[in-house]
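Engineer: quick check, what structure comes out for this input:
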Amino acid sequence: MEILVFRTNLTSTDHIGKLTPSLNHHPGILEWNVDLNDRDNILRIVSSTISPSEVEQLVFQAGYFCRELE
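Structural biologist: Numbers count the residues shown, from 1 in each chain. Model (predicted):
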């Protein structure tokens with residue numbers, strides 16, 4: 001199991017709501033959350049199979065930006 005961490009431009013619960021179906025229905029994502037109190041609006045993904053580029057693409061398709069933090 002791996003935790004992937006991303007900086008995003010998700011700034012509200014409305015933004016998160018638009019992304020929720022994509023993340024909830026992806027078979028490779030076990031858990032996820034967004035910290036809107038963090039200045040980088042951190043998205044955390046728990047998975048053993050999804051790649052960072054796949055997460056970035058899912059977020060982009062929902063109309064938002066994310067970049068993996070290293």
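
Engineer: for this protein, what spans make up the strands?
Structural biologist: Using DSSP state E, the strands found in the chain span residues 2-8, 29-35, 42-47, 66-68.

Engineer: now tabulate the ones you listed in a markdown table and tack on distance to G17 and mean neighbour count.
Structural biologist: C-betas here are computed from N, CA, C, even on glycine. What follows is the strands of the chain, written out as a markdown table (distance: least, C-beta to C-beta, whole Å; neighbours: other C-beta atoms under 10 Å):
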| stretch | distance to G17 | mean neighbour count |
| --- | --- | --- |
| strand 2-8 | 14 | 16 |
| strand 29-35 | 11 | 16 |
| strand 42-47 | 14 | 19 |
| strand 66-68 | 16 | 19 |
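
Engineer: any chance of the ones you listed in TSV, with distance to K18 and mean pLDDT too?
Structural biologist: Output for those, formatted as TSV (distance: least, C-beta to C-beta, whole Å; pLDDT from 0 to 100):
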stretch	distance to K18	mean pLDDT
strand 2-8	12	97
strand 29-35	12	97
strand 42-47	13	98
strand 66-68	13	97
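
Engineer: could I get those strands as JSON lines with distance to L58?
Structural biologist: Output for these, formatted as JSON lines (distance: least, C-beta to C-beta, whole Å):
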{"stretch": "strand 2-8", "distance to L58": "11"}
{"stretch": "strand 29-35", "distance to L58": "9"}
{"stretch": "strand 42-47", "distance to L58": "9"}
{"stretch": "strand 66-68", "distance to L58": "9"}
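
Engineer: good, we can wrap up now.
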